[in-house]
Every structure is written in structure tokens, then in C-alpha cells.
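>>> Please work out how this folds:
(one chain, ligands or ions: 2)
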Amino acid sequence: DQEKAEYKSRIKQLLVKKNAVLIAHYYTDPEIQALAEETGGCVADSLEMARFGNQHPAETLIIAGVKFMGETAKVLTPEKTVVMPTLEATCSLDLGCPIEEFNAFCDQHPDRTVVVYANTSPAVKARADWIVTSSCALEIVEHLDDNDEKILWGPDRHLGNYIQKKTGADMLMWQGACIVHDEFKTKALKDMKALHPDAAILVHPESPAEIVELADAVGSTSQLIKAAQDMPNKKFIVATDRGIFYKMQQLCPDKEFFEAPTAGEGATCRSCAHCPWMAMNGLKAIEEALIDPTGKEVFVSDEVRIGALKSTNRMLDFTA
Ligand code: 13P
Ligand code: SF4
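Ligands and ions are numbered 1, 2, ... in the order given. Here you go, the predicted structure:
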């Protein structure tokens, strides 16, 4: 802990010296979230991370999260230096939606409005008409459905199916999934609920439909945190990355939070309720990125950036 305190103190000085701000996602480790809060940065869901970076005056944005979050920051503020603790922190949804294949899919359905989840590359975003995050996907698809638009949706099939069920919109799906949320298991969740009948079940919509069906509240990370505050229950079973417990526990100190059960434990589970790429954002990596950003800076070509900016801004304007 002494070592961590020393890291934190050096990072604080470096942030000031480099005119940088730390922006962290709710799934990063608790010490990273605490550091972002203590230094005037922010801890947020993917939509608010984008908005915060876009409006903050710092010259350098340190994005502790996964690659698409850094790329979104660069798309919105190309004049800033955008640095990540590691550019290797990716996302299974992004990896599972390569631009060539996605382009071919879109080309086959030119009559459809292309709606793309934020967890994608800037090239895929440039192909899209709209970007959404889980905070605003429902309202944006509702709006498009009201205008009788047929939708091509990518890449998260679980989120897409959830929105389709809620809105009744005509949606053709790309078949991507999040490796973390895909691991939650229905029977084990029912067993856990039987043990804690007074607990409310909170579910991120990247989870499979059978898990979403058991939920008392479904929503993005920020919406789940709000549900934990607003609901009268004293216990919650939470089906999303365990990084979120930091903020839930901070805001609800008298409530108890349990991880929803996953497929396996230890070595048998690829990603038991914690995203392996979010976990790459350590204090050491943040300090190194501040000292020497070489190889950690995010770049997006102008051509792609301009396309991605259009669809990303459409989301920001819609949700402003
Ligand atoms: P939120 O937009 O809900 O923060 O989700 C981002 C994400 O990657 C969830 O796995
Ligand atoms: Fe991607 Fe899932 Fe990790 Fe979120 S939790 S960044 S969707 S792999």
C-alpha cells in the first residue's frame, strides 16, 4: 500500500506538470477510479467519459478504459494529446467487428440505418449513421423506429436483442458479444436469488437474454449505479464487471453487493466478472504513460475521424 501511495503521489504531480486529466471507466480498478476523483478527473460510463473529455480544458487526456474510449476522445478532440495506459486494452465487441466485414454487411442492406454501439473502431463508427452507448441506445432506437427507419445494428447481439424486444423496431443484427457479460449463468443466478430473496438483480444489457429476464433493473453502468441508490433494497446481485462495486459501495455504504455468478472460477473462467482489458489499467502503466507517451498515444486518420465524428456528434447532440 505504501508503494501504491507513492505511485499515486507521483501521478498527481505528473498530471499537473503535463496539464493532463485522468478519465476512468467504472470497470477500472478501485484505486484508478479513486485517483481520477481525487485529481479533478472523472469516473463515468462510456457516454459521459466522451462528454467530459470533449469539454475539459486539459491539453492531455489520460483515458483509463479500453481502446475505443481513447479513440472516441481523439475523434472528438483531435487537437489534444490522448494517451492510454496501454493501447492493448481492447474489447471483444471491437475485435469481433472488423471494418471490411462490417462494410460488406452494410453494403448488402443499403436501405437500413446503421446504428453502431460505441464499443467499436473509428472506422466502423465512420460507416455508421448513429453511434449509441447503452445509456442512450433505447431512446435513439425508439426515435428511429418512430420515423419508420429500418435498422442495421452492430455489434452486440445481446444489447441489440434487448432493445429490439423493448421497442419492437425492425433490427438486423451483427452477432458480436462481450466476453465478460456472456459468462453470467442463469441457473446459478436463480440459485443465488433463492439464497437472497430480498436482493434486487441489476443487469447490464450486454448480458444474455435469460439473465436480462431475471433482472429487476437493466441499464448502462451509470443507470445501474443510480438503480442501486434509488431502489429500497438493501442487497443487490449485480451482473456486470465488478469494477462497478467501487462506486456503488461509495454511494450506498449501508447496502450489500454480490457478484452475479459466472461460468467458472479461477483458471476455468476467461473473464469472471472482470474485463481483462480494463484490468490492464494499472498505476504503473499510468505513470509510465505520463512520463513517456510514446507508443501509448491514440491516433486516428483524418479521413476516418471526420466520418466517426459525424455519427458520434449525432449521439452527443441527441442526448445533450
Ligand atoms: P457503459 O456505456 O454502460 O459504461 O458500458 C461500456 C462497456 O464497455 C460495458 O461493458
Ligand atoms: Fe468490451 Fe465487455 Fe470489456 Fe466492456 S466489459 S470493454 S464490452 S469486453
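>>> Within the helices and strands, which one has the residue of the stretch 201-320 of the chain found nearest ligand 2?
Going by CB to the nearest ligand atom, ligand 2 is nearest to Cys275 of the stretch 201-320 of the chain, at 3.2 Å. Where you see a C-beta, it was placed from the backbone N, CA and C, and this is true even at glycine. Under DSSP states H and E, no helix or strand contains Cys275.
>>> My read is that it contacts Gly65, right?
No - under the criterion of CB atoms under 8 Å, Cys275 makes no contact with Gly65, lying 9.5 Å away.
>>> Tell me how far the residue nearest to Ala209 when sequence neighbours are not counted lies from ligand 1.
Counting by CB to CB, 6 or more residues apart in numbering, the nearest residue to Ala209 once its immediate chain neighbours are dropped is Asn161, at 5.8 Å. Distance of Asn161 to ligand 1, given as CB to the nearest ligand atom, to the nearest Å: 16 Å.
>>> higher neighbour count, Cys275 and Gly65?
Higher neighbour count among Cys275 and Gly65: Gly65, with 28 against 24, using other CB atoms under 10 Å.
>>> I figured the more buried one hits Asn281, correct?
Yes - taking contacts as CB under 8 Å, Gly65 lies within contact range of Asn281: 7.0 Å.
>>> Quick check: neighbours shared by Cys275 and Gly65?
In terms of CB atoms under 8 Å, 6 or more residues apart in numbering, Cys275 and Gly65 are both contacted by the residues Tyr27.
>>> Ligand 1 contacts on the stretch 151-300 of the chain?
Cys178, Glu206, Ser220, Thr221 (CB under 6 Å from any ligand atom).
>>> Dump these into JSON lines; add secondary structure as well.
Converted to JSON lines, these look like this (DSSP: H, G, I helix; E, B strand; the rest coil):
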{"residue": "Cys178", "secondary structure": "coil"}
{"residue": "Glu206", "secondary structure": "coil"}
{"residue": "Ser220", "secondary structure": "coil"}
{"residue": "Thr221", "secondary structure": "helix"}
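>>> Considering those, which is situated nearest to Ala44?
Ala44 lies nearest to Thr221 out of those, by CB to CB, at 8.2 Å.
>>> coming back round to it: could you pull out the residues contacting both of Gly65 and Asn281?
Common neighbours of Gly65 and Asn281, using CB under 8 Å, 6+ apart, are Ala24, Thr28, Ala89.
>>> The last one touches Lys67, doesn't it?
Yes - with contact defined as CB under 8 Å, Ala89 counts as touching Lys67 (5.8 Å).
>>> That's all I had, so thanks and see you.
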